[in-house]
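Trainee: Next input, structure requested:
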Amino acid sequence: MSLIRLRNIHVGFGGPAILESISVAIDAGERLCLLGRNGTGKSTLLKVISGEVKAESGDFELKQNLKIAVLDQEPRGDLQGTIFDVVAMGLGKNAKLLQDYHHALHNFTENHNDQTTAELERAQNQVDIHNAWQLNQQVEEVLSRMQLDGDADYASLSGGMKRRVLLAKALVIKPDILLLDEPTNHLDLTAIQWLEEQLLNYKGALMFITHDRSFMRKLSTRIIELDRGCLTSYPGNYDTYLRRKAEALHAEEVENAHFDKKLAQEEVWIRQGIKARRTRNEGRVRALEKMRDERNQRRNQVGKVSMKASQSERSGKLVAEAKDVSFEYEGNPLIKGLSTTILRGDKIGIIGPNGVGKTTLLRLLLGDLKPTTGEVKNGTKLEVAYFDQFRAQLDDSASVIDNLSQGREFVDINGNRKHVIGYLQDFLFAPERARSPVSMLSGGERNRLLLAKLFSKASNILVLDEPTNDLDIETLELLEELVMEYAGTVLVVSHDREFVNNVVTSTLVFEGDAQVNEYVGGYDDWLRQSKISAGSQAEIVKAETKSEDPVNSKKAVKAKKLSYKDQQELDALPAQIEDFEIEVETLQNSMAADDFYKQDKDEIVKIQSQLEQVQVKLAHCYTRWEELE
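Mentor: Purely as a prediction, here's the structure:
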C-alpha cells in the first residue's frame, strides 16, 4: 500500500504550469531520487508533498497518521540554543517542555542548590503531566545515534555539523517519509559518506533531490524526473534511467517530426484556395485548427548550455614547483612539508574536509600567498581563470549583462567575436533574464553566470573551487567535457566524487596533521592507493617491532612472500569476485523491476538484506585480493 499518492496535481503560480497533471505514489521503504533541470519545480513538488504549498487542483491521498519530515536545502539561520533544543523542535508543541526540562537538569548538575532543585521538580512535573518522557527518550536516542553533544551551541557549529543536527531534528519524530532537498550541498566528503550511511540504514521511505551522481547511485531505488511540467518514473538505478531517458527523447523527436511534417502538408492544402473551404472539407479544416493549437501548446525540451573556454597562448612547461612547503595561520599549521611539481596540461584534484586549507593550497601554488617555510616556483606566461566558490566576483546590484561585459558589447572566444546577449544565451540566459539584477538569480543561474564570465577570459590555467554546487546534471556533464578537453592546466577543488573521477589525472589529498599527499588518478584511485599504502605501512611497522637487527629484518622480508595456501587463495579470488558480482547484478535487477515494491514487505527486506550481505562479501574479496597482491 502506498504511503502517499498524488493524482493530477497542478501548480502554476499564475504563469505557465510548473507542475502539470503530476501523478506519483510513494511506497514504504522506497528511496526516490527526484531529477530535473534547475527551475523545473523540484523543490515545489517537495513542498506540495510536505504540505507547505497547496496545489491548485488534483487529488492528494495520505495514509492515516502519516508523519512527514523535511531536511531543507540550506541550514536555517534563525535557529538558536543548544543542539538538544534544535533537535527537540522536531517534536512540535512538546518541544518547549523538553527544552525546559533539559535546561533545568543541566543547571541542577552544574549548580546543585534549592533553586535549581525546585526548577528541576517543576520541569519534571510538566513532563509528567503531558506524558512526554517517551519523547525525551526519542531525543536522547537520536542524539546518541548521530554522535551529537546535546549541550553544544548550535550557532557555533560548522555547516556540515549543522546539517547533521537538522537531520536529527527531522528523524526524531520517526517519520514515515523523509524529504531532502540537495542534502550534499556544501558538505565535505566525510560528511557526505556519513550521510549516505545514515540514509541507507533509515527504514522509512525517502525522497530526495540531488545532482551528486555518486550519492544518487548509492541510494536511489527509483528515479522520477520533472521535465516541462510533467513527471516520469524510471524504476531502477541511474544508469537504467540514462538509457531509458535517451530512448524516450528519441521517440519524442521522431513523433514530433512526423507531426510537424503532417502539419506542414495541411498548411499547404489550406492555402490552395476556395475548394479547401467547401462543406465536405470542413472536418479537415477543423482538424488543422486543432493541430495548430496542439503545436502552439507543445513545450520543447529546455536547451543545453553551450560552453567554450577562451584559451590564451600556452604557458611554460613548468606551471608550479613546491619544495618542502609549509604554511601556518595564526600559529596553526595547515600544510607541512609539501613537495610537488605541476606541469603544463596536468589536471589536479584537491581533496580534503571543509576548512582544512584547500583554498589556501590553491593560493600557495598560484603564488598569491607566500609559504611560512619552503619555496614555490611559478612558471612563465601564466594566465589564470579562477572560479570562486563564494561567487565574490559577481556584483549583486548589477545586471547579468553588466557583470559579464564590463562595458563591452562583444566578447572574443578563441578568435570568434560574439555579442554579449548571444553569448549569454549559450548559458541559457534569455535576453529579458540577462537584464535582471544578479540578486534575482537562483544558485544554479549564478554558477552559470560565473562560468560564462570565467570562460570569456583568455586563460591557460583553469582553477575551479567547488564549481559543481547548484548545477543540474546536464550542465555538470558539459562542464566535465570542457575541463577534459581544456588544453591548459586545471586545478579542481570539489566534493563531487564522480566529477573528480572523470576530470583529474592526479590528486593532492589532505590526510590529517597538515599532511598533503599526492596520488595518481581520481577519487577512487586515491581510496585504493591509500588503503594499499596503509596496509604496507602496517606490515613495515610490524616487522620493525619484532627486531631491529639485520638478520630478523631479512626474515621479516622473506615472511612477506606468499605461502602455498595464500597463493591458492589468491588464484581462487577472481572467480569468487565474478560470482559475487553476478549475484549483486541479479539482485539489483530484481529490485529494479516495476513490481518489486508490490511484494510482501518481508520478501522486500529479505532481498535487500541479501544484497547488503553479498556486497560485504564482495568488498572483503577485493580487500583480500589487494592484501595478497
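Trainee: Show me what counts as buried in stretch 362-373.
Mentor: If you call a residue buried by 16 or more other C-beta atoms under 10 Å, then stretch 362-373 has these buried ones: 362, 364, 365, 366, 369, 371. The C-beta positions use only the backbone N, C-alpha and C, and glycine is treated the same way.
Trainee: Show me those that map onto helices.
Mentor: Residues of those located in helices (DSSP state H): 362, 364, 365, 366.
Trainee: quick one: the first one from residue 240, how far?
Mentor: This means residue 362. When distance is defined by C-beta to C-beta, to the nearest Å, residue 362 is 38 Å away from residue 240.
Trainee: Nearest residue to the middle of this protein?
Mentor: Centroid-nearest residue in the chain: residue 212, 3.0 Å away (criterion: C-alpha atoms, centre = their mean).
Trainee: Run through the residues that contact that residue.
Mentor: Residue 212 makes contacts with 184, 192, 496, 497, 498, as judged by C-beta atoms under 8 Å, 6 or more residues apart in numbering.
Trainee: want to throw these into TSV with distance to residue 78, secondary structure and pLDDT?
Mentor: Written out in TSV, the entries for the contacts of residue 212 read as follows (distance: C-beta to C-beta, whole Å; DSSP: H, G, I helix; E, B strand; the rest coil; pLDDT from 0 to 100):
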residue	distance to residue 78	secondary structure	pLDDT
184	23	coil	85
192	26	helix	87
496	30	coil	90
497	33	helix	92
498	34	helix	92
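Trainee: which residues touch residue 449?
Mentor: Contacts here follow C-beta under 8 Å, 6+ apart; on that basis residue 449 touches 394, 400, 403, 404, 427, 429, 438, 441.
Trainee: ok, back up a step: pull up the per-residue confidence for the residue nearest to the centre of the chain.
Mentor: pLDDT, the model's per-residue confidence, is 89 for residue 212.
Trainee: Residue 278 too?
Mentor: Predicted confidence (pLDDT) at residue 278: the value is 55.
Trainee: swap in residue 382?
Mentor: 91.
Trainee: May I have the phi/psi pair for it?
Mentor: Residue 382 has phi and psi values of phi -90, psi 120 when expressed as degrees, to the nearest 10.
Trainee: which residues are contacting stretch 96-106?
Mentor: By C-beta under 8 Å, 6+ apart, the residues outside stretch 96-106 that reach it are 81-82, 84-85, 88, 91, 116, 119-120, 122-124, 126-127, 130, 132, 135-136, 139, 150-151.
Trainee: ok, 10 Å please
Mentor: Counting by C-beta atoms under 10 Å, 6 or more residues apart in numbering, stretch 96-106 makes contact with 81-82, 84-89, 91, 116-127, 129-130, 132-133, 135-136, 138-140, 150-151, all of which sit outside it.
Trainee: Mind checking which of those are in strands?
Mentor: Taking DSSP state E as the definition of strands, those contribute nothing to them.
Trainee: So which of those residues belong to helices?
Mentor: Helix and strand membership here follows DSSP H; of those, those in helices are 84-88, 116-127, 129, 133, 135-136, 138-140.
Trainee: Any of the residues you listed buried? List them.
Mentor: For those, a burial check counting by 16+ other C-beta under 10 Å picks out 84-88, 116, 119-120, 123, 126-127, 135-136, 138-140.
Trainee: Now the two most distant members of the residues you listed.
Mentor: Using C-beta to C-beta, those reach their maximum pairwise distance at 116 and 138, which is 25.3 Å.
Trainee: Name the residues of stretch 438-455 that come out as buried.
Mentor: Here stretch 438-455 shows 438, 441, 443-455 as buried, counting by 16+ other C-beta under 10 Å.
Trainee: picking that back up, turn the buried residues of stretch 362-373 into CSV, including distance to residue 294.
Mentor: Below are the buried residues of stretch 362-373 laid out as CSV (distance: C-beta to C-beta, whole Å):
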residue, distance to residue 294
362, 53
364, 61
365, 57
366, 56
369, 61
371, 66
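Trainee: Is it possible to get CSV of the residues you listed that adds pLDDT?
Mentor: Written out in CSV, the entries for the buried residues of stretch 362-373 read as follows (pLDDT from 0 to 100):
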residue, pLDDT
362, 93
364, 94
365, 94
366, 92
369, 92
371, 94
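Trainee: Off-centre distance for stretch 175-182?
Mentor: Once both centres are worked out by C-alpha atoms, centre = their mean, to the nearest Å, stretch 175-182 turns out to sit 15 Å from its chain's centre.
Trainee: can you check stretch 368-383 too?
Mentor: Stretch 368-383 has its C-alpha centroid displaced from the chain centroid by 33 Å (C-alpha atoms, centre = their mean).
Trainee: mind listing the helices for the stretch 451-600 of the chain?
Mentor: Per DSSP state H, counting those that start in this stretch, the stretch 451-600 of the chain carries helices over the ranges 473-485, 497-503, 523-546, 550-559, 564-592.
Trainee: hey, least reliable of the ones you listed by pLDDT?
Mentor: Looking over the helices of the stretch 451-600 of the chain, mean pLDDT reaches its minimum on helix 550-559, with a mean of 37.
Trainee: got the contact list for the residue lying closest to residue 410 once chain neighbours are set aside?
Mentor: For residue 410, ignoring the flanking residues on the chain, the nearest one in space by C-beta to C-beta, 6 or more residues apart in numbering is residue 417 at 5.1 Å. Under the criterion of C-beta under 10 Å, 6+ apart, the contact list for residue 417 reads 409, 410, 411.
Trainee: can you check residue 34 too?
Mentor: If a contact means C-beta under 10 Å, 6+ apart, then residue 34 has 24, 40-43, 45-46, 49, 179-181, 207-210, 220, 223-226, 231 as its contacts.
Trainee: returning to that earlier point: least confident pick among the buried residues of stretch 438-455?
Mentor: The pLDDT minimum for the buried residues of stretch 438-455 sits at residue 443, where the score is 70.
Trainee: same for the lengthiest helix in the chain, what does it pack against?
Mentor: In terms of residue count, the longest helix belonging to the chain (DSSP H) is helix 238-270. The helices and strands touching helix 238-270, judged by 3 or more C-beta pairs under 10 Å, 6 or more residues apart in numbering; DSSP states H and E, are strand 31-35, helix 213-219, strand 222-227, strand 230-235, helix 282-297, helix 564-592.
Trainee: can you rerun that using 6 Å?
Mentor: On a contact count with 3 or more C-beta pairs under 6 Å, 6 or more residues apart in numbering; DSSP states H and E, helix 238-270 meets helix 282-297.
Trainee: Could you list the buried residues of the helix it packs on?
Mentor: Within helix 282-297, the residues that qualify as buried by neighbour count (16+ other C-beta under 10 Å) are 288, 291.
Trainee: and the nearest residue to residue 33 once chain neighbours are set aside, how many neighbours does it have?
Mentor: Computed as C-beta to C-beta, 6+ apart, the closest residue to residue 33 that is not its neighbour in sequence is residue 220, at 3.9 Å. Residue 220 is flanked by 24 other residues according to other C-beta atoms under 10 Å.
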